[in-house]
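1. I'd like to go over a predicted model; first the sequence, then the structure.
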Protein chains: 2
Amino acid sequence: MRFTIDKEALMKGLTLVSKAIPPKAEIPILSNFKLDMTERGLEITGSDNNITISTVVPFMIGEKEIIRNSQEGSTLVAAKILIDVVRSLDDEFVTFELADTSLLRIENSRSNFELNSIRAEEYPDIDLSIVGASLTLPGKDVQALAESTAFAASVKEARPILTAVNLEANNFKLTATATDTARLARKSIDIESDVRFVANIAAKKLLDIVRSFEEDDEVTIAVNEKKAVFAFGNSVISTRLTSGDYPNTKNVFPKVFNYSLEVNSQEFLKAMERASILSTEYEGVVKLMMDQDEVKMFSRSAILGSAKEKLNVFQYSGEHLDISFKASFVADAIRACKCEDVTISFVGEMKAFVVRNIKDDSIEMLVTPLRS
Amino acid sequence: MRFTIDKEALMKGLTLVSKAIPPKAEIPILSNFKLDMTERGLEITGSDNNITISTVVPFMIGEKEIIRNSQEGSTLVAAKILIDVVRSLDDEFVTFELADTSLLRIENSRSNFELNSIRAEEYPDIDLSIVGASLTLPGKDVQALAESTAFAASVKEARPILTAVNLEANNFKLTATATDTARLARKSIDIESDVRFVANIAAKKLLDIVRSFEEDDEVTIAVNEKKAVFAFGNSVISTRLTSGDYPNTKNVFPKVFNYSLEVNSQEFLKAMERASILSTEYEGVVKLMMDQDEVKMFSRSAILGSAKEKLNVFQYSGEHLDISFKASFVADAIRACKCEDVTISFVGEMKAFVVRNIKDDSIEMLVTPLRS
């Protein structure tokens, strides 16, 4: 194996693939990058046995030569060290050469590294083929699905299925749902194909995956019983599905509401932020007190004191209502709506309520109130 | 007590004073700010019993009114909460009013906080008077002394005196020295007064103190047996001295050298950084190999491999010399010199060597080599 490669292009590939490589690999061989110089370019692969990332650095990017003087071959090399070495190099190009099966030489005009390497054959077989139901759509749509919902997944490992985002394709819609049982976030987008699948993907992994897409990438998602594969640009990411059945959340959203509050997102967020400063003993619980002509927030701490906030901009319809909730849950929901004004619709004092983007009904958030 | 105050000016004062207040105060009363509305303005005081910071927010800054509608009085209020509350406020001005001895009201057009407060009389007496030998000089000179030396102080508590920077005024010079016994950093500046004092100040505290000075502040340093006081702008910081005798480091610098290497700081730092990537087992030790026509660096790891670096820009005088050292110690020394080119002067393979700014002999760094 031998090649001279553009340092920045190599670094970009290594950085993407390194997201799959854990700081301390339980299976030692997985602390390595697999490098394959092939006829497509330099293929870089990394895996933690749950998630696998593979990317190809091509010979040319547009008019620019990226790889030259190449000879095919493969090797494994310690991921952390290779990243540190390549990042530290000064020249525009760097030459890799496998001196023998256990020595990878990396050099430019000033530097000469000889890294111990391992035979590529020792790497586990990893299948990155795209099998199962599949769907192609703009990467930014998949990003929006993940980022509007992942925050609502549980962070507790007690019920692993709740740490996942439930991704379901059905009836020309792709829907993401996440819940920790105290709140739920859902977003749907229309799709052109009649594909059907269900994939439960760990929320953190899903965020990592969608943040790897570049601005204009088209993404193909393929799902079978065991894994989901995301293919985009020159890269493929495969992730194991979270096992277990996702709870049925089809009918959790109330249909009839008795109270409705329309507010400016920013003003409401700031008022909640201030009110919850004093709510340290109660995990940031605030009480919202609503009348047609006045909307206030209140919080109290036996140790610290109390806080009262008045809203300037609102529209409220319904009788007087007091309702208490965890401020951070409502703040997450409002931020996920990404809009200037939100509607919060209530059924009653102790019933779950709904946060919605006034102008976009593809996204809805459910929050359970607390006793005040 | 009552006053209406400019939020930004108040926040700046609180932020400065909060540096003295520990996240978890061992003496509970010290988790509070002391606020005194006086005829000078709003005095804010905080202390962890070792370091005390006091600042005055004045009635006017230039033409701008900062405090209005004030009535004198004092109170104590939880520091962390007050900072969070003031930071979160929206309006330009905020009004404080002591409603009774245990309730501080903080309000503007939208927000109304009622914070539990404590009688000011319960705060310990803190003497911030400037007594002892004193000296006034530009704040940036004191900053330079601290930042050129503090990194070399010990981080181990085994010998507390070595965690301090030794600040000595003598013979019209102010000299800062710090050492962890494996390396030593020293910088002197000329002063106009014949004041004499010695102050050992914990390195981290000294850095906090000098980073509180603003661009053009003149700073008065006063030292007695127990404490050092730094007065600047509207603020005073007092710190307890580290007890114990500082080791005698007067004659540690060699006077005669047999080898001398002049290098470009940036090139040398980058080469060391690369070479030390592979030196994980040996705490970043690299070997420098010098001849008149070639200067190289080398490092090796049994597990990872080896690295070689060539310097392009250097001037070396002396016989061939190999010398090994901890790269981070030499990097710290070069960075502290803050200059384009440095001279490294050697006595022999196992003798401490000296790093100097070619153009400024007020600063010198000593590093002990290691066996390679």
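-> Happy to help now that I have it. Residues are numbered from 1 along each chain as shown, chains lettered A, B, ... in the order given.

2. OK, contacts around A:Val236?
-> Residues near A:Val236 by Cβ atoms under 8 Å, 6 or more residues apart in numbering or on different chains: A:53-55, A:128, A:130, A:229-230. Just so you know, the C-beta spots here come from the backbone N, C-alpha and C atoms, and that holds for glycine as well.

3. hmm, 10 Å instead?
-> Shown in contact with A:Val236 (Cβ atoms under 10 Å, 6 or more residues apart in numbering or on different chains): A:45, A:52-56, A:128-130, A:220, A:222, A:229-230.

4. Lowest-confidence member of those, which is it?
-> Scanning these for pLDDT, the low point is A:Ile130. It has 78.

5. who does the residue lying closest to that one once chain neighbours are set aside bridge with?
-> Leaving aside its chain neighbours, A:Ile130 sits nearest to A:Ala222 (4.3 Å; criterion: Cβ to Cβ, 6 or more residues apart in numbering or on different chains). Counting by DSSP bridges, A:Ala222 is bridged to A:Ser134, A:Val229.

6. Surely A:Ala222 touches A:Thr239?
-> No - if you go by Cβ atoms under 10 Å, A:Ala222 and A:Thr239 don't touch, sitting 11.5 Å apart.

7. Overlap in contacts, these two.
-> A:199, A:228-230.

8. does A:Pro43 sit in a helix, a strand or a coil?
-> Wrong residue type there; residue A:43 is Glu, not Pro. Assigned with DSSP: H, G, I helix; E, B strand; the rest coil, A:Glu43 falls in the strand class.

9. Quick one: the strands in the stretch 101-250 of chain A, in order.
-> Along the stretch 101-250 of chain A, counting by DSSP state E, counting those that start in this stretch, strands occupy A:103-107, A:111-118, A:133-138, A:164-170, A:173-179, A:183-190, A:197-202, A:218-223, A:227-232, A:235-240.

10. Please identify which of the shared contacts of A:Ala222 and A:Thr239 is nearest to chain B.
-> If you rank these by distance to chain B using Cβ to the nearest Cβ, A:Phe230 comes first, at 32.1 Å.

11. Quick check: nearest residue in space to that closest one, chain neighbours excluded?
-> A:Ile237 (4.7 Å).

12. picking up where we left off before, tell me the contacts of the residue nearest to A:Ile130?
-> A:129-136, A:195, A:197, A:199, A:228-231, A:236, A:238.

13. Out of those residues, which end up buried?
-> Neighbour counting with 16 or more other Cβ atoms under 10 Å in any protein chain shown marks A:132, A:134-135, A:195, A:197, A:199, A:228-231, A:236, A:238 as buried within the contacts of A:Ala222.

14. nearest residue to A:Arg186 other than its sequence neighbours?
-> Closest to A:Arg186 by Cβ to Cβ, 6+ apart is A:Thr177, at 4.8 Å.

15. so which helix or strand takes in the closest residue to A:Ser235 other than its chain neighbours?
-> Residue nearest to A:Ser235 in three dimensions, not counting chain neighbours: A:Thr55, with 4.0 Å by Cβ to Cβ, 6+ apart. A:Thr55 belongs to strand A:51-57 when assigned by DSSP states H and E.

16. Now stretch A:83-94 - C-alpha only, CSV.
-> What follows is stretch A:83-94, C-alpha atoms only, in CSV (Å, rounded to 0.1, in the frame of the first residue of the first chain):
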residue,chain,number,x,y,z
ILE,A,83,-5.6,11.6,13.9
ASP,A,84,-3.1,13.4,16.1
VAL,A,85,-0.3,12.8,13.6
VAL,A,86,-2.2,13.9,10.5
ARG,A,87,-3.6,17.0,12.3
SER,A,88,-0.1,18.1,13.4
LEU,A,89,1.5,17.9,9.9
ASP,A,90,2.6,21.1,8.2
ASP,A,91,2.7,20.3,4.4
GLU,A,92,-0.3,20.2,2.0
PHE,A,93,0.4,16.6,1.1
VAL,A,94,1.6,13.6,3.1
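
17. Name the residues of that stretch that come out as buried.
-> By 16+ other Cβ under 10 Å, the buried positions in stretch A:83-94 come out as A:83-86, A:88-89, A:93-94.

18. Now for these: which two are most distant?
-> A:Asp84 and A:Phe93 (18.5 Å; Cβ to Cβ).

19. Up against chain B, what does the stretch 51-200 of chain A have?
-> By Cβ under 10 Å from any Cβ of the partner chain, the part of the stretch 51-200 of chain A that sits against chain B consists of A:77-78, A:80-85, A:87-90, A:102-107, A:109-117.

20. isn't A:Val286 right next to A:Ser301, touching?
-> No - counting by Cβ under 10 Å, A:Val286 does not reach A:Ser301; the two are 11.5 Å apart.

21. More neighbours: the two, which one.
-> A:Val286 (27 against 17; other Cβ atoms under 10 Å in any protein chain shown).

22. Could you confirm the more buried one falls within a strand?
-> Yes - with three-state DSSP as the criterion, A:Val286 is part of a strand.

23. Quick one: residues contacting the nearest residue to A:Pro160 once chain neighbours are set aside.
-> The shortest distance from A:Pro160 to any non-neighbouring residue, by Cβ to Cβ, 6+ apart, is to A:Thr242 (5.9 Å). Counting by Cβ under 10 Å, 6+ apart, A:Thr242 makes contact with A:50, A:153, A:160-166, A:199-203, A:205.

24. And A:Thr242, its phi and psi?
-> The phi and psi torsions at A:Thr242 (degrees, to the nearest 10) take the values phi -70, psi 130.

25. What of A:Ser31?
-> Torsion angles, degrees, to the nearest 10, at A:Ser31: phi -80, psi 0.

26. Now do the same contact list for it.
-> By Cβ under 10 Å, 6+ apart, A:Ser31 lies in contact with A:21-25, A:46, A:48, A:76, A:78-81.

27. likewise A:Asn200?
-> Per Cβ under 10 Å, 6+ apart, neighbours of A:Asn200: A:160-168, A:177-178, A:206, A:228, A:241-246.

28. re the thing from before, let me know the distance separating the residue nearest to A:Phe230 from B:Asp291.
-> To B:Asp291, A:Ile237 is 50 Å away according to Cβ to Cβ, to the nearest Å.

29. Much appreciated, bye for now.
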